[in-house]
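In: return atomic coordinates for the entry below.
(chains A, B, C and D)
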There are 2 protein chains.
Amino acid sequence: MKTGAAGIACGAVATDPQRDSARNVQVVQALGARIVGGSLAPGTSIPIEEELVAELGVGRSAVREGVKVLAGKGLLETRRSAGTIVRPRESWNLLDADVLSWRFEPDPTPDDIRVLADLRVALEPGAARVAAERADAAAVRRIDEALAALFATADDPEPFIEADLAFHKAVFAAASNDLLLYIYDMISIALRSVRQVHTRSVAHNKETLPGHERVAQAIRRRHHRKAEEAMRTVVEVARADAEQHVRLCC
Amino acid sequence: MKTGAAGIACGAVATDPQRDSARNVQVVQALGARIVGGSLAPGTSIPIEEELVAELGVGRSAVREGVKVLAGKGLLETRRSAGTIVRPRESWNLLDADVLSWRFEPDPTPDDIRVLADLRVALEPGAARVAAERADAAAVRRIDEALAALFATADDPEPFIEADLAFHKAVFAAASNDLLLYIYDMISIALRSVRQVHTRSVAHNKETLPGHERVAQAIRRRHHRKAEEAMRTVVEVARADAEQHVRLCC
DNA sequence: GTTAGTTTTTCATCAGATGAAGTGATCGCC
DNA sequence: GGCGATCACTTCATCTGATGAAAAACTAAC
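Out: Numbers count the residues shown, from 1 in each chain, chains lettered A, B, ... in the order given. Here you go, the predicted model:
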């Protein structure tokens, strides 16, 4: 059940035959999932190196490398003679691709879903506004292409989700802001993990099309106020859907 | 292609070597700064382990641990027999605290400053809106306290900057969204690095006080529309200031 | 009960050996 | 001469052993 892909994710290249066998990645995955999953609580010590070697069936080098990677993500802190302790949650790199996966992949809590939906409401309208301010012709074209793909896939749930993510990404890309785009990439990782929440009826998919079209049109016309408003409508509908879904099934 | 000389030069960088005696951290800092700084370009190979051992004066374990940490941050990728290469910028964990420091601390480019100012414009109004929706009494109190500190320090540039950062952080904290708060923590790292841009005259500091007060008041009254508008005014003023500063001094 | 000194634990670091997986060059064949 | 297969080489991957250092835990003296 281990998806080695999360290890050093986001790569454009799909040819990575050795990643599964990388011992240090194995350690990172095992410990990272336990920490973020909650079975290794902040403030407590993880097993000592020797025990991890025995438990995970790898050498000390692999354990040390893995622990150092997790320390780099803010999850662990090593202290001489005092063991390695799990750092408080406030220290974690919450927008690290791996940390996000460990959080959202197993079974996101209702609160995780709320956090994600709120984040979109907080972020996407503003991003659409800046996109309208900064978009060049090529960026507008890419948004229009993504919009066309959205219309074309409205009948297929799975492709529609991908097209939806691609549309929102195109909007973020139009803002010419690599930090903003990075944030959306992380959001999309989380969204993909909770996509069952967003898998709605085909009719529902089609209902979101006009909203997306208004966003694209506003950006095309560099109308930042309208772009923001249109995007707010889209993400607030998504948030309402998510809340309803949580209420119904949890 | 010889990087030895550059390595020595980089070693002269002021990073107190006493306090931070951890060898792997030394490796992470040295290589990370070079990569983000641009002297090790994406697609190129870094020196082989043996050379790094000689150049950095540490053992192989330290080099390997450091390289693995940077791989975990998306900066490097190791391939058997093919060396370790710098990954494309799109793969970097741009919102990692270290990566941000390496980017903004030496001398942020005008474009970096634009990216940061745009990010605030895109993000903070929406965050203030969600804060107005979600803030509880304690969060409102903390915002008011931060506002009071802002008024109290308006005459001292350095404390005022800290109070300013604390105020904006209190707003983000009120949104009860750890991802959003994490994003602001990273923004504040970058803001602290470019604070000379934000160090204005005392009179200018005082001009920003009414705007901040409007934000606090709107959140206190749970008026999310007004909170958003007030925050937009604040960050757009900051953006205009930054643009002007860049024009004047660069 | 406190304190000073000692022991133990645990990570930190280096070094060596072996292995694996690509890279590239050599060499034979046609 | 062109082409392909073999083979040596490069470089990271991994394990292991040894030594050191720092902090915690323990002990004994007062």
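In: from now on I want contacts and neighbour counts done on CA atoms only, so please keep to that.
Out: Fine.
In: burial count for A:A135?
Out: If you count neighbours by other C-alpha atoms under 10 Å in any protein chain shown, A:A135 ends up with 24.
In: check contacts around the closest residue to it other than its chain neighbours.
Out: Excluding its sequence neighbours, the residue lying closest to A:A135 (C-alpha to C-alpha, 6 or more residues apart in numbering or on different chains) is A:A174, at 4.8 Å. If you count contacts by C-alpha atoms under 8 Å, 6 or more residues apart in numbering or on different chains, A:A174 has them with A:A131, A:A132, A:R134, A:A135, A:D136, A:A139, A:V140.
In: give me the helix or strand of chain A that scores worst on average pLDDT.
Out: Least confident helix or strand of chain A, by mean pLDDT, DSSP states H and E, is helix A:195-198 with a mean of 69.
In: right, and the helix or strand after that helix?
Out: helix A:202-220 (DSSP states H and E).
In: that following helix near chain B at all?
Out: No. On the criterion C-alpha under 8 Å from any C-alpha of the partner chain, helix A:202-220 is out of touch with chain B, staying 14.5 Å away.
In: for that helix, the distance to its chain's centre please.
Out: Taking C-alpha atoms, centre = their mean, to the nearest Å, one finds helix A:202-220 lying 22 Å from the centre of the chain it belongs to.
In: which residues are there in chain A that come within reach of DNA strand D?
Out: For chain A, the residues in contact with DNA strand D (C-alpha under 7 Å from any atom of the strand) are A:21-24, A:57-62, A:79-82.
In: ok, of those residues, which one's closest to B:R214?
Out: Nearest to B:R214 among the residues of chain A next to DNA strand D, counting by C-alpha to C-alpha, is A:R79 at 46.0 Å.
In: skipping its backbone neighbours, what lies nearest that closest one in space?
Out: A:I85 (7.9 Å).
In: are we agreed that the one you found is in a helix?
Out: No. Looking at A:I85 with DSSP: H, G, I helix; E, B strand; the rest coil, it is strand, so not inside a helix.
In: what sits against it?
Out: A:P42, A:G43, A:T44, A:S45, A:I46, A:L76, A:E77, A:T78, A:R79.
In: scan those residues and report the most crowded one.
Out: Counting by other C-alpha under 10 Å, top hit in the contacts of A:I85: A:L76 with 26 neighbours.
In: now the nearest residue to that residue once chain neighbours are set aside: how far from B:L179?
Out: Among residues not flanking A:L76 along the chain, A:V86 sits closest, at 4.7 Å (C-alpha to C-alpha, 6+ apart). Distance of A:V86 to B:L179, computed by C-alpha to C-alpha, to the nearest Å: 19 Å.
In: what about the residue sitting furthest away from the middle of chain A, which SS state?
Out: Distance from the C-alpha centroid of chain A peaks at A:S81, with 36.4 Å (C-alpha atoms, centre = their mean). Counting by three-state DSSP, the backbone at A:S81 sits in coil.
In: A:I187: neighbour count?
Out: 22.
In: so which elements touch the helix or strand where it lies?
Out: Taking DSSP H and E as the criterion, A:I187 maps to helix A:178-193. Identification of packing neighbours for helix A:178-193 by 3 or more C-alpha pairs under 8 Å, 6 or more residues apart in numbering or on different chains; DSSP states H and E yields helix A:97-104, helix A:110-134, helix A:157-174, helix B:110-134.
In: check the gap between the closest residue to A:K169 other than its chain neighbours and chain B for me.
Out: Among residues not flanking A:K169 along the chain, A:Y184 sits closest, at 6.7 Å (C-alpha to C-alpha, 6+ apart). With distances taken as C-alpha to the nearest C-alpha, to the nearest Å, A:Y184 is found 12 Å from chain B.
In: again with A:S61
Out: Counting by C-alpha to the nearest C-alpha, the gap from A:S61 to chain B is 8 Å.
In: span of stretch A:63-80 from start to end?
Out: 16 Å.
In: also stretch A:39-52?
Out: 15 Å.
In: gap between that stretch and the chain center?
Out: 27 Å.
In: ok, and does it reach over to chain B?
Out: No. Counting by C-alpha under 8 Å from any C-alpha, chain B has no neighbours in stretch A:39-52; the shortest distance is 14.9 Å.
In: could you confirm whether that stretch reaches DNA strand C?
Out: Yes. Stretch A:39-52 comes into contact with DNA strand C (C-alpha under 7 Å from any atom of the strand), by way of A:P47, A:I48, A:E49, A:E50.
In: how far is the helix or strand harbouring A:L150 from where the chain is centred?
Out: Assigned by DSSP H and E, A:L150 falls within helix A:137-152. Using C-alpha atoms, centre = their mean, the mean C-alpha position of helix A:137-152 is found 22 Å from that of the whole chain.
In: give the buried residues for that helix.
Out: A:A139, A:V140, A:R141, A:R142, A:I143, A:D144, A:E145, A:A146, A:L147, A:A149, A:L150, A:F151 (16 or more other C-alpha atoms under 10 Å in any protein chain shown).
In: domain ranges for chain A?
Out: A:4-91, A:107-249 (automatic domain parsing).
In: and A:L40, what are its phi and psi?
Out: phi -120, psi 100 (degrees, to the nearest 10).
In: just checking, it touches A:V86?
Out: Yes. Counting by C-alpha atoms under 8 Å, A:L40 touches A:V86, with 7.2 Å between them.
In: neighbour count for the two, which is higher?
Out: Comparing A:L40 with A:V86 by other C-alpha under 10 Å, the one with more neighbours is A:V86, at 23 against 17.
In: list the contacts for the more buried one?
Out: The contact partners of A:V86, taken as C-alpha under 8 Å, 6+ apart, are A:I35, A:L40, A:A41, A:P42, A:G43, A:T44, A:S45, A:I46, A:L75, A:L76, A:E77.
In: dig out what the last one forms beta bridges with.
Out: The one in question is A:E77. A:I85 (DSSP bridges).
In: so who does it touch?
Out: A:A71, A:T84, A:I85, A:V86, A:R87.
In: for A:D96, see how far away the spatially most central residue of chain A is.
Out: By C-alpha atoms, centre = their mean, chain A has its centre lying nearest to A:I189, at 2.7 Å. Using C-alpha to C-alpha, A:I189 is found at 10 Å from A:D96.
In: so of the domains of chain A, which one's packed in deepest?
Out: Of the domains of chain A, the one with the most neighbours on average (mean count of other C-alpha atoms under 10 Å in any protein chain shown) is domain A:107-249, at a mean of 20.
In: quick one, what contacts the residue nearest to A:V235 when sequence neighbours are not counted?
Out: Ranked by C-alpha to C-alpha, 6+ apart and with sequence neighbours excluded, the top spatial neighbour of A:V235 is A:V121, at 5.6 Å. By C-alpha under 8 Å, 6+ apart, A:V121 lies in contact with A:R232, A:V235, A:E236, A:R239, B:G126, B:V130.
In: repeat the analysis, applying 7 Å as the threshold.
Out: Contact analysis of A:V121 by C-alpha atoms under 7 Å, 6 or more residues apart in numbering or on different chains lists A:R232, A:V235, A:E236.
In: and those residues, which is closest to chain B?
Out: Nearest to chain B among the contacts of A:V121: A:R232, at 9.6 Å, using C-alpha to the nearest C-alpha.
In: near DNA strand C, which residues of chain A show up?
Out: A:17-18, A:47-50, A:64, A:78-84.
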